[in-house]
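J.: Quick one: sequence plus predicted model below, questions after.
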Amino acid sequence: MSEPVNTFEAQQQGRPTGPLVRGYEVIIGFETHAQLSTASKIFSRASTAFGAEPNTQACAVDLALPGTLPVMNKGAVERAIKLGLALGSHIAPRSVFARKNYFYPDLPKGYQISQFEIPVVQGGAVSFFLGEEKKTVRLVRAHLEEDAGKSLHEDFIGQSGIDLNRAGTPLLEIVTEPDMRSTAEAVAYAKELHKIVTWIGICDGNMQEGSFRCDANVSVRKPGDKLGTRREIKNLNSFKFMQQAIDYEIRWQIEEIEDDRKIEQATVLFNADTGETRAMRAKEDSADYRYFPDPDLPPLVIAAEWIERVRGEMPELPRTMAERYVSAHGLSEYDAAQLTQSTALARYFDESVKAGATPKLASNWITGEIARRLNAQEIGIEAAPVSAQQLGQLVKRIADGTLPNNAARQVFDTLWTGEGSDVDAIIEAKDLKPMSDTGALDAILDEVIAKNQKNVDEYRAGKEKALNGLVGQVMKASGGKANPAQVTDLLKAKLG
């Protein structure tokens, strides 16, 4: 971990509190390691491909053999610039690399090349919705560094193996202020950051392979007290485990405090099998790492022209796309944010509108019924059985009155199960067109009025809700083919 370039305490006084847990305020900050999507390592030409046999992708530089020198990977720097632009950060025109000294078997040099005093990306923020409430988490920095290797214990008895394939893999460590006040907020932040780094293509976001790893710094305090002692939960590689680990750590710290035990600063690991965190080692501070400038690497200089060139090549960012959906389609900020959770989801919405869907109706279907079914089947929008074009055709038929709302579900079910592929053909085959025989509809209205005298009397007595019951009876009697708006108008005319 790198220590932030400023202190937190003064900034946290007066900041809004979140929901209290047993009378305690929760303080959470994040450090996220995003593996950059370069083909080669940050200071060597060795491959970063995942899954190779141990120690087959570690060259002389990665192994720290005598006489080798690091050479900066331009692609890694460019990806750092992209992140800075995406998060509204300051991109330092001049930053420096430092040696972070510690001894571990999977660190061949005995130090890690990182950035400390002058990181390449400074400040910025990540905004997201928690429910329908907009939240913003401030960033301290994002700095370039190399990854270490990996210690292997499972396949060895009484000893450990060392795989140095990951040694030298390029990382961006993204550090937040301790702005989060609940587990839900922390997970929502992590998901938003994951979306951003994958959206702009600097990281594949594969958490199972270690491409996106989060460390959560957690502490608790009574409201108004100074910040409590934090413990860092390392290497959280799924959003589910992240929630479980932080929840457990919060409960554990509160119980320790209430039992008059002191919280010791520590690095902890989460055991997914037991659902518990356990201390791995005492937590180091920056002084323990003895940072000093790396004499083998000159300062990293980024010209303004380079930044502008990268800016011109950036895709439309999710926040910009969401703003466009609000202004062009009249969607709410919340709906627009939901539709820009991924490029695939945004593309699905755009293509459905292009196919004739009314934007608001398309949004309702995507964030409602489609999202529900995708979650139930644990698949992404890319695997949705209903194509964007089919949804566009379905919504178009709802909007133009060809398909009543309640009959639309039948068409959607048929599309989803693959029993039909053309909306108009399904409507015809299932005889789902709205009633066009006004005489038949008039007869149904008269029959419903005659059989529901109580609702009629209540409506005439001024109870508007009683009309809903009558409309429902007409819709049922018509097999869902009547137009609810037309039924409402006709009933009002008949009942006076």
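T.: Yep, that arrived.
J.: all helices of the stretch 351-496 of the chain, in order?
T.: Defined through DSSP state H, counting those that start in this stretch, the helices belonging to the stretch 351-496 of the chain, from first to last, are 359-365, 371-377, 388-399, 405-417, 423-429, 438-451, 453-460, 465-477, 484-495.
J.: Low-confidence bits of the stretch 301-450 of the chain, can you list those?
T.: For the stretch 301-450 of the chain, the stretches with pLDDT under 70 are 435-438.
J.: hmm, back to that, want to throw the helices of the stretch 351-496 of the chain into a markdown table with distance to Q244?
T.: In this view, the C-beta of every residue, glycine as well, is placed from N, C-alpha and C. Listed next are those as a markdown table, based on distance: least, C-beta to C-beta, whole Å:
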| stretch | distance to Q244 |
| --- | --- |
| helix 359-365 | 32 |
| helix 371-377 | 19 |
| helix 388-399 | 35 |
| helix 405-417 | 32 |
| helix 423-429 | 43 |
| helix 438-451 | 53 |
| helix 453-460 | 51 |
| helix 465-477 | 44 |
| helix 484-495 | 45 |
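J.: what's the closest of those to I28?
T.: Set against I28 and scored by C-beta to C-beta, the helices of the stretch 351-496 of the chain come closest in helix 371-377, at 25.4 Å.
J.: Tell me the buried residues in that closest one?
T.: Neighbour-count burial for helix 371-377, with 16 or more other C-beta atoms under 10 Å as criterion, is recorded at A371, R373, L374.
J.: Stretch 51-68 now?
T.: Q57, A58, C59, V61, D62, L63, A64, T68.
J.: likewise stretch 204-218?
T.: For stretch 204-218, the buried set under the neighbour-count rule, 16+ other C-beta under 10 Å, comprises D204, G205, M207, G210, S211, F212, R213, C214, D215, A216, N217, V218.
J.: Next: stretch 412-424.
T.: Of the residues in stretch 412-424, those with enough neighbours to count as buried (16+ other C-beta under 10 Å) are F412, T414, L415, W416, G420, V423.
J.: before we move on, the earlier item: ok, so of the buried residues of stretch 204-218, who is nearest M321?
T.: In terms of C-beta to C-beta, no member of the buried residues of stretch 204-218 lies closer to M321 than G205, at 18.3 Å.
J.: Next step: the buried residues of stretch 51-68 restricted to strands.
T.: The strands in this structure, assigned by DSSP state E, contain none of these.
J.: would you turn these into JSON lines with pLDDT and distance to G124?
T.: As requested, these are arranged in JSON lines below (pLDDT from 0 to 100; distance: C-beta to C-beta, whole Å):
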{"residue": "Q57", "pLDDT": "96", "distance to G124": "32"}
{"residue": "A58", "pLDDT": "95", "distance to G124": "33"}
{"residue": "C59", "pLDDT": "96", "distance to G124": "34"}
{"residue": "V61", "pLDDT": "96", "distance to G124": "31"}
{"residue": "D62", "pLDDT": "95", "distance to G124": "31"}
{"residue": "L63", "pLDDT": "94", "distance to G124": "35"}
{"residue": "A64", "pLDDT": "93", "distance to G124": "33"}
{"residue": "T68", "pLDDT": "95", "distance to G124": "34"}
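J.: In a markdown table: the residues you listed, plus distance to I233.
T.: Supplementary listing: the buried residues of stretch 51-68 in a markdown table, determined by distance: C-beta to C-beta, whole Å:
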| residue | distance to I233 |
| --- | --- |
| Q57 | 29 |
| A58 | 29 |
| C59 | 33 |
| V61 | 32 |
| D62 | 28 |
| L63 | 31 |
| A64 | 30 |
| T68 | 35 |
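J.: Between those residues, which sits nearest G330?
T.: Checking these against G330 by C-beta to C-beta gives Q57 as the nearest, at 51.2 Å.
J.: What are the structural domain limits within the chain?
T.: Here the chain is described, according to automatic domain parsing, as comprising the domains 9-306, 320-429, 438-495.
J.: top helix in the protein by residue count?
T.: Using DSSP state H, we find that the single longest helix of the chain is helix 239-258.
J.: How about T414, nearest residue that isn't a chain neighbour?
T.: Taking C-beta to C-beta, 6 or more residues apart in numbering, and ignoring the residues beside it in sequence, T414 has G420 as its nearest neighbour in space, at 4.3 Å.
J.: Quick one: residues contacting that neighbour.
T.: Residues in contact with G420, defined by C-beta atoms under 8 Å, 6 or more residues apart in numbering, are V411, T414, I426, A429.
J.: before we move on, what about S89?
T.: The contact partners of S89, taken as C-beta under 8 Å, 6+ apart, are L83, V121, Q122, G123, G124, L139, A142.
J.: From E464, how far out is the closest residue in space to it that isn't next to it in sequence?
T.: If you skip the residues right next to it in sequence, S89 has G124 as its closest partner in space, 3.2 Å away by C-beta to C-beta, 6+ apart. Distance of G124 to E464, computed by C-beta to C-beta, to the nearest Å: 51 Å.
J.: Convert the C-alpha atoms of stretch 333-353 to CSV, please.
T.: Included here for stretch 333-353 are C-alpha records, laid out as CSV according to Å, rounded to 0.1, in the frame of the first residue of the first chain:
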residue,chain,number,x,y,z
GLU,A,333,-30.3,10.5,-14.0
TYR,A,334,-30.9,7.2,-12.2
ASP,A,335,-32.2,5.4,-15.3
ALA,A,336,-29.4,6.9,-17.4
ALA,A,337,-26.8,5.6,-14.9
GLN,A,338,-28.4,2.1,-15.0
LEU,A,339,-28.2,2.0,-18.8
THR,A,340,-24.5,2.9,-18.8
GLN,A,341,-23.3,0.2,-16.5
SER,A,342,-21.5,-1.3,-19.4
THR,A,343,-20.8,-0.6,-23.0
ALA,A,344,-22.8,-3.7,-24.0
LEU,A,345,-25.9,-2.5,-22.0
ALA,A,346,-25.7,1.0,-23.5
ARG,A,347,-25.3,-0.5,-27.0
TYR,A,348,-28.4,-2.7,-26.4
PHE,A,349,-30.4,0.4,-25.4
ASP,A,350,-29.2,2.4,-28.4
GLU,A,351,-30.0,-0.4,-30.8
SER,A,352,-33.5,-0.9,-29.4
VAL,A,353,-34.2,2.9,-29.8
